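Visitor: Need the 3D shape of this:
(one chain, ligands or ions: 1)
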Amino acid sequence: MDIPWVFIVFGSWLFALAFVFKKLNHPKRKLPPGPKPWPIIGNLNLLGSLPHVSFHHLSQKYGDLMLLKFGSKPVLVVSSPEMAKEILKTHDAIFASRPVLAAGKYTSFNYSDMTWAPYGAYWHQARKIYLTEIFSPKKLHSLEYIRIEERQTLISRLYPHSGKPIFLRDHLPRFSLRTISRLVMSDKYFSDQSNSDTSIVTLERLQWMLDEWFLLAGVINLGDWIPCLSWFDLQGYIKRMKDSGKNFTQFYKYVLDDHNAIKMQKSGDFVPKDMVDALLHLANDPNREVQLTSDRMMGLMHSLLAGATDTSAATIEWTFQELMRRPNIMEKAHHELERAIGKERWVEEEDFSKLPYIDAIIKETFRLHPLCAVLPPRYSTEDCNVAGYDIPKGTTVYVNAWSLGRNPKYWDRAEEFIPERFIENNIDIKGQNFALLPFGSGRRKCPGYSLGMKVVRTTMANLMHGFNWKLGGDTKPEDISMDEIYGLTTHPKEPISLIMEPRLSLHLY
Ligand code: HEM
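Guide: The predicted model follows:
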C-alpha cells in the first residue's frame, strides 16, 4: 500500500523537530556541574572574603570538578587530588598558561613577571635561566654566607627582646626581605632609616610595596570578569595596581642602571656577585632566542624578590601559630635539636638530614596552611576533555590547594596538626603528591623550591633551637586564632604575642 505524501512530509517534520529538541536539551558538550549563573555577574556573588573557603563549600555540593562563571567567563574549580592530577599532570601542557588579568598587566611589567607570563618562548627562557643560572646548587651554595649573616642578624635583633612580648610579624618579613634582597641585588639600595644617602628606598617602604603587590595580585578585580565595568574601576584596584607598577619600575630601573654602571666601569675584570649581575650578563648575549628587554629584566628581578619574601616569613608565622597551641610538639622538636646539634652551635643548612621531626612540622604546616591557598590561576589554550567533561578553550582554572590538604580520603584526622604523619612516610611536597601541593605542580611549579626550603628550614630550626617560647599576656593556647587574610598568599589574621628566653650558651647570641 502506498503511503500518502502528506504522512511523509508530516513524519519528516516531526523527526526534524525531535532532533532539534534533543540537541537543545542535550547539547553535545558535556560541561562540569556548577551553580546556575546570574546574568552579568555569573557566580561572583557566591565568593566570600576567603575564596578558597567559598570554593571548598561549593565543591561539596557540586563536585571536585566544578564549573562557575565569573561574569560571562568560564572558571573551573578543582578540589580533589585526582582532578588536580588531571589538570596539572595529564593535561599540563593545555593548562600551562595564565589568564590575562589586570594584575599581570599593571603590576607585573606587562606580563613579564614569571608568575603572570603566558606559556610560551619567554616563559620557557625565564624558567631555564632561573634553574640553570640562579637556583643551581652551586650558585645557591656560593651565596650561603649571606643567608648565615642574615640569620645571625635576626637572632641578634631578637635577643635583646628576651623576656618581653614581641610579634614575630615585626621581625620576620624584614629578615626575609633583607636576605632575598641581598641575594638578588646586594644591600645598598634599601636602608633601615630614610636618611641614608646610598639607598633609594627604606626597608619599611619596600616591605609595604611588596605587601600591596601580593594583595593586588590575589584580588578578584570585577573589571577582569565583567569587561564593561573595567573602565569604572569600582573597587579602586586598577589605580592601586598602576601606582604599584610605577613604584616598582622606578626602584628596579635605578638598581639596573647602577649595576650596569658598575659593570661598565670594571669592564674585563667584572665578576657577577648577585642575581641581577647574572641576569645582566645574560641580557647582553646577542644570540639569545628571546631578547631580555627592560620590562623582562624588571619582571625577572621582581619574580625573585616577590617569590621569596612573603613565602618564607608567612610559613614560619603559621608554624608558630600552630606550635603555640601544642607545647608538646615544641618540646619534641627541642629534644631532637639537643640530640642532633647540642647547645653550643647554631643549626646549619647541612644539618637538615638530622632533623626529620622539624621537617615533619614544616610539611604539616604546608598541608594545613598552603601559602597559595588557591594556586595562581591556570588557563586552557585548547578545548579538552577532563574526566569525561568538556572544558572549553579559554577557561580559567583554580586548583584549591587548601582543599587538597584537608581531603579526608588522603588525610586521617585532616583538621588536626599532627607532624608525626610525615615521619617514616616519605611524602613528596614538590608536586608529585597531588594531595599536598605547597609549591604547585607541573610546568608552572615553583622554581624557587630549594632556596625557599633552605630559608624556611634553617630559620625555623634556629628560632626553636635558640629560644624557649611562651605566649605573651594571658593568652591561652586555645585562644589562638587561626583566621586567615587572603591574597596571592594567605597570612594569619591575628598575630600572636610571644615571649622568648635564650636556650643556648650566651656567647652565641
Ligand atoms: C616557602 C617558600 C615558597 C613557597 C611555599 C612557594 C610557593 C609557590 C607556589 C604555590 C607557586 C605556584 C605554582 C603553580 O602555579 O603551580 C609558586 C610559583 C612561583 N614561585 Fe614560589 N614559593 C616559595 C619560594 C619561592 C622563592 C624563594 C622564589 C624565588 C626566589 C619563588 C619564585 C616563584 C616563581 C617565579 C613562581 C612562578 C612560576 C611560574 O608561574 O612559572 N618561590 N611558588
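
Visitor: After the lowest-mean-pLDDT helix or strand in the chain, which helix or strand is next? Please name it.
Guide: Within the chain, no helix or strand scores below helix 5-25, which has a mean of 50 by mean pLDDT, DSSP states H and E. Downstream of helix 5-25, the first helix or strand assigned by DSSP states H and E is helix 51-62.

Visitor: quick one, strands of this protein?
Guide: For the chain, the strands defined by DSSP state E occupy 65-70, 73-78, 165-167, 190-191, 201-202, 378-379, 384-386, 389-391, 396-399, 467-471, 484-485, 491-492, 497-502.

Visitor: Which neighbours in the sheet does the third one have, and how are they oriented?
Guide: Paired neighbours of strand 165-167 in the sheet (DSSP bridges): strand 497-502 (antiparallel).

Visitor: Alpha carbons of the strand it pairs with, as CSV, please.
Guide: Taking C-alpha atoms only, strand 497-502 is exported to CSV below (Å, rounded to 0.1, in the frame of the first residue of the first chain):
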residue,chain,number,x,y,z
SER,A,497,52.2,38.0,71.2
LEU,A,498,55.2,35.8,72.2
ILE,A,499,57.8,35.8,75.0
MET,A,500,61.2,34.1,74.4
GLU,A,501,64.1,33.2,76.6
PRO,A,502,67.6,32.2,75.2
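
Visitor: buried set for it?
Guide: 498-500, 502 (16 or more other C-beta atoms under 10 Å). (C-beta placed from N, C-alpha, C; glycine too.)

Visitor: quick one: which of the strands of the chain has the weakest pLDDT on average?
Guide: The stretch with the lowest average pLDDT out of the strands of the chain is strand 190-191, scoring a mean of 78.

Visitor: Can you read off the pLDDT for Q291?
Guide: 86.

Visitor: Return the residues in contact with it.
Guide: Neighbour list for Q291: A283 [criterion: C-beta atoms under 8 Å, 6 or more residues apart in numbering].

Visitor: Next, work out how far apart it and F248 are.
Guide: 21 Å (C-beta to C-beta, to the nearest Å).

Visitor: cool, and S497?
Guide: Distance from S497 to F248, counting by C-beta to C-beta: 33 Å.

Visitor: and if you look at S156?
Guide: Distance of S156 to F248, given as C-beta to C-beta: 30 Å.

Visitor: Point to the residue nearest the middle of the chain.
Guide: Central residue of the chain (C-alpha atoms, centre = their mean): C372, 4.3 Å from the mean position.

Visitor: Which pLDDT value belongs to it?
Guide: So, for C372, pLDDT stands at 94.

Visitor: Quick one: residues contacting it.
Guide: C372 touches 401, 438, 440, 488-490, counting by C-beta under 8 Å, 6+ apart.

Visitor: could the strands of the chain go into a markdown table alongside distance to M330?
Guide: A markdown table is the format used below for the strands of the chain (distance: least, C-beta to C-beta, whole Å):
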| stretch | distance to M330 |
| --- | --- |
| strand 65-70 | 39 |
| strand 73-78 | 35 |
| strand 165-167 | 17 |
| strand 190-191 | 34 |
| strand 201-202 | 34 |
| strand 378-379 | 38 |
| strand 384-386 | 43 |
| strand 389-391 | 46 |
| strand 396-399 | 32 |
| strand 467-471 | 7 |
| strand 484-485 | 22 |
| strand 491-492 | 17 |
| strand 497-502 | 11 |
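
Visitor: picking that back up, which one of the buried residues of strand 497-502 is nearest the ligand?
Guide: Minimum distance to the ligand across these is 21.0 Å, recorded for L498 (C-beta to the nearest ligand atom).

Visitor: What is the burial count for L371?
Guide: L371: 23 surrounding residues under other C-beta atoms under 10 Å.

Visitor: Surely it touches T311?
Guide: Yes - contact criterion C-beta atoms under 8 Å: L371 and T311 qualify, at 5.2 Å.

Visitor: okay, S156 and F248: which has more neighbours?
Guide: F248 (25 against 10).

Visitor: Would you mind measuring from that one to the ligand?
Guide: From F248 over to the ligand the distance is 15 Å, taken as C-beta to the nearest ligand atom, to the nearest Å.

Visitor: so who does that residue touch?
Guide: Taking C-beta under 8 Å, 6+ apart, we find F248 in contact with 107, 109, 209, 213, 298, 302.

Visitor: Can you tell me how far the first one is from Y237?
Guide: Yep, that's T107 we're talking about. 10 Å.

Visitor: Identify the contacts common to these two.
Guide: Common neighbours of T107 and Y237, counting by C-beta under 8 Å, 6+ apart, are L216.

Visitor: so what's the residue of the stretch 151-300 of the chain at minimum distance from the ligand closest to, chain neighbours aside?
Guide: Using C-beta to the nearest ligand atom, the single residue of the stretch 151-300 of the chain nearest to the ligand is I180, 6.4 Å away. In space, and not counting its chain neighbours, I180 is closest to A308: 4.0 Å by C-beta to C-beta, 6 or more residues apart in numbering.

Visitor: and that neighbour, how many residues sit next to it?
Guide: Look at A308: counted by other C-beta under 10 Å, it has 21 neighbours.

Visitor: Thought V455 was touching it, still the case?
Guide: Yes - at 7.3 Å, A308 counts as touching V455 under the criterion of C-beta under 8 Å.

Visitor: Quick check: neighbours shared by these two?
Guide: Both A308 and V455 are in contact with 176, 179, where contact means C-beta under 8 Å, 6+ apart.

Visitor: how far away is K470 from the ligand?
Guide: 26 Å.

Visitor: go on, Y486?
Guide: 14 Å.

Visitor: Who are the contact partners of the residue nearest to that residue when sequence neighbours are not counted?
Guide: Excluding its sequence neighbours, the residue lying closest to Y486 (C-beta to C-beta, 6+ apart) is L50, at 5.1 Å. By C-beta under 8 Å, 6+ apart, the contact set of L50 is 373, 484, 486.

Visitor: tally of neighbours for the first one?
Guide: Right, the one you point to is A373. 24.

Visitor: I figured I429 hits S441, correct?
Guide: No - the criterion here is C-beta under 8 Å, and I429 misses it with S441 at 10.3 Å.

Visitor: the more surrounded of the two?
Guide: A side-by-side neighbour count of I429 and S441, using other C-beta under 10 Å, places S441 first with 24 against 19.

Visitor: Can you name the residues that contact the spatially closest residue to that one that is not a sequence neighbour?
Guide: Spatial nearest neighbour of S441, excluding adjacent residues (C-beta to C-beta, 6+ apart): G431 at 3.4 Å. Listed by C-beta under 8 Å, 6+ apart, the contact set of G431 reads 88, 437, 439-442, 445.

Visitor: between the residues you listed, which has the most around it?
Guide: Of these, with other C-beta under 10 Å as the count, L437 tops at 29 neighbours.

Visitor: That residue against A84, yeah?
Guide: Yes - taking contacts as C-beta under 8 Å, L437 lies within contact range of A84: 6.7 Å.

Visitor: one step back: and which of the contacts of L50 is nearest to H161?
Guide: Using C-beta to C-beta, E484 comes nearest to H161 of these, at 26.5 Å.

Visitor: could you check the distance from the closest one over to the ligand?
Guide: To the ligand, E484 is 15 Å away according to C-beta to the nearest ligand atom.

Visitor: List the contacts of the nearest residue to that residue once chain neighbours are set aside.
Guide: Nearest non-adjacent residue to E484, counting by C-beta to C-beta, 6+ apart: T490, 4.9 Å away. Going by C-beta under 8 Å, 6+ apart, T490 touches 52, 314, 369-373, 402, 484.

Visitor: ok, the residue nearest to P227 when sequence neighbours are not counted - contacts?
Guide: Distance criterion C-beta to C-beta, 6+ apart; nearest residue to P227, sequence neighbours excluded, is G71 at 7.6 Å. G71 makes contact with 40-42, 44, 222, 225-227 under the criterion C-beta under 8 Å, 6+ apart.

Visitor: Quick one: buried ones out of the residues you listed?
Guide: 41-42, 44, 222, 225-226.
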